[in-house]
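[1] Any chance you can model this:
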Amino acid sequence: MMNPSDPIAPEALNLFSGASGDNPFPVFAQMRELNAVIPIPFPMGGPDRQAWMVTRMEEAMQVLKDHAHFTVDPASIDGNEDFRKSLAGGSDPSAPPTFFTGHSMLTVDDPDHRRLRSLVSKAFSPRYMESLRPRVQEIADELLDHVQAQGEMDLVKDYAYPLPINVISEMLGVPQEDREQIHTWSAALAHGLGLGRREPGVEENMRAFGEYTARLVASKRQQPADDLISQLIAIEEEGDRLSETELVSMITLLIFAGHETTSNLIATGSLMLLDHPEQLEKLKAEPSLVPSAVEELLRFNGPATIAGPRFATEDIVLAGQSIQKGDAVIPVLKSANRDERQFDQSEELDITRQINRHLAFGHGIHMCLGAPLARIEGDIAFTTLLKRMPNLRLSIPRDEVPWNFTLSSQGLAALPVAF
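    As a prediction, this is how the structure comes out:
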């Protein structure tokens, strides 16, 4: 039996190399059985700092909401301004800030977080999100109109990706001709960034994405429109404490997060339903179950593998483990959402499950701002897909479905289907 105080060897679990591929859940089950908090061999911020993974629901929720003992901003601990950069493998200090190194809602705590979030919260209110349903429905139908006569499609490229990118782009005012380039940048960032590393080329994509957003902001300053970017610029110009760096960081984050996770929800959720034909048939027979199915798909195999690292602001004991000030603590959302202590038959997909809570969108003040929009898009995407293509099926062998897997996220590279 492994000692829960000994770091897990990544080669033993095949987790960090990506060898777990499309199914990291047996690894997560091992980790939950071992302990709620497990040390891992990642130097984060220096060789003297330990990193920990939080594998169970209660402890993950504690870390995500306990802002007295855990912070998202490592630079706030002992004034270590270089700490944040080390998380992504280092950065050129002379380089312009990106939404990873600049101030965004993901990288600051209150009161800065409250100030930044309040600037966009009205645009992401549930009431406003509901008003978008007709347009989301139009986009979903238009996308399926393009492929209906073909009898087959790549569900990722033809549906799961373009639906949310078009919705968030229209909200923000991103030109149609730029959306494919944004997809290229977003994919490079989503699959090239990991804890303590960057794949070759990621730095260039990060910089290009940030520079594009800066140009877009400049263009909106010259020619304001009826979109969210123009609204944020107007707020800034009215004297709110919003710097140019914060503005660019926020907009880049909204573009990226506003489509990447929802795309994964639609694509991975579709595959999970195809993997569970009895659940798929139940859903087709009772379309009113779609909202419940969306929640279960988020729990069962949600878009984000982990939440962003939190850092202990002081020494603390968590699940019997002695966490030292400055240590990184990483909630594993996909593991917490399969916690046997919280869910009956947690490894089973059940679209009728009554879910009181899951962590697919995080928890606490940093909970995903776009959760209401993601739910609406998921609702419409699955309802429309199953109504128009009731005979949906894989067109390649299941074991040939290509995945993109990193410790941060897991998504499908493609999903060829016939209908």
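[2] Quick one: the strands in the stretch 251-400 of the chain, in order.
    Applying DSSP state E, counting those that start in this stretch to the stretch 251-400 of the chain gives strands spanning 310-312, 316-318, 321-323, 328-331, 393-394.
[3] Can you list the neighbours in contact with the fourth one?
    Same thing as strand 328-331. Surrounding strand 328-331, the residues in contact under the criterion Cβ atoms under 8 Å, 6 or more residues apart in numbering are 37, 40, 42, 44-45, 49-54, 60, 63-64, 70, 74, 195, 306-307, 309-312, 318, 323, 359. Heads up, the C-betas are built off the backbone N, CA and C, glycines and all.
[4] ditto for stretch 122-135
    167, 170-171, 228, 231, 369-370, 372-373, 376, 380.
[5] and it, average pLDDT?
    What stretch 122-135 shows for mean pLDDT is 86.
[6] buried stuff in that stretch?
    Neighbour-count burial for stretch 122-135 flags 123-124, 129, 132 (criterion: 16 or more other Cβ atoms under 10 Å).
[7] cool, and stretch 408-419?
    408-412, 414-417, 419.
[8] hang on, isn't F419 packed against M389?
    Yes: F419 is within contact range of M389, at 3.8 Å (criterion: Cβ atoms under 8 Å).
[9] For G269, give its distance to L283.
    For G269, the distance to L283 equals 11 Å [Cβ to Cβ, to the nearest Å].
[10] more crowded one of the two?
    Between G269 and L283, counting by other Cβ atoms under 10 Å, G269 is the more crowded of the two (25 against 21).
[11] Quick check, pLDDT for P111.
    88.
[12] could you list every residue that touches P164?
    Contact partners of P164, counting by Cβ under 8 Å, 6+ apart, are 258-259, 262-263, 266, 374, 377.
[13] what would those residues look like in JSON lines with neighbour count and distance to E244?
    What follows is these, written out as JSON lines (neighbours: other Cβ atoms under 10 Å; distance: Cβ to Cβ, whole Å):
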{"residue": "G258", "neighbour count": "25", "distance to E244": "21"}
{"residue": "H259", "neighbour count": "27", "distance to E244": "24"}
{"residue": "T262", "neighbour count": "26", "distance to E244": "28"}
{"residue": "S263", "neighbour count": "27", "distance to E244": "29"}
{"residue": "I266", "neighbour count": "28", "distance to E244": "34"}
{"residue": "A374", "neighbour count": "25", "distance to E244": "29"}
{"residue": "E377", "neighbour count": "29", "distance to E244": "31"}
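[14] Taking those residues together, which two end up most distant?
    Farthest-apart pair in the contacts of P164 is G258 and I266; separation 13.6 Å (Cβ to Cβ).
[15] Just give the number of residues close to L253.
    For L253, using other Cβ under 10 Å, the count is 22.
[16] actually S186, not the one I typed
    For S186, the count of nearby residues is 22 (other Cβ under 10 Å).
[17] Just the residues contacting the helix or strand hosting it, thanks.
    Per DSSP states H and E, S186 falls inside helix 179-192. For helix 179-192, contacts defined as Cβ under 8 Å, 6+ apart pick out 161-162, 165-166, 169, 174, 198-199, 201-202, 205-206, 208-209, 212, 255-256, 259-260, 404, 406, 408-409, 411.
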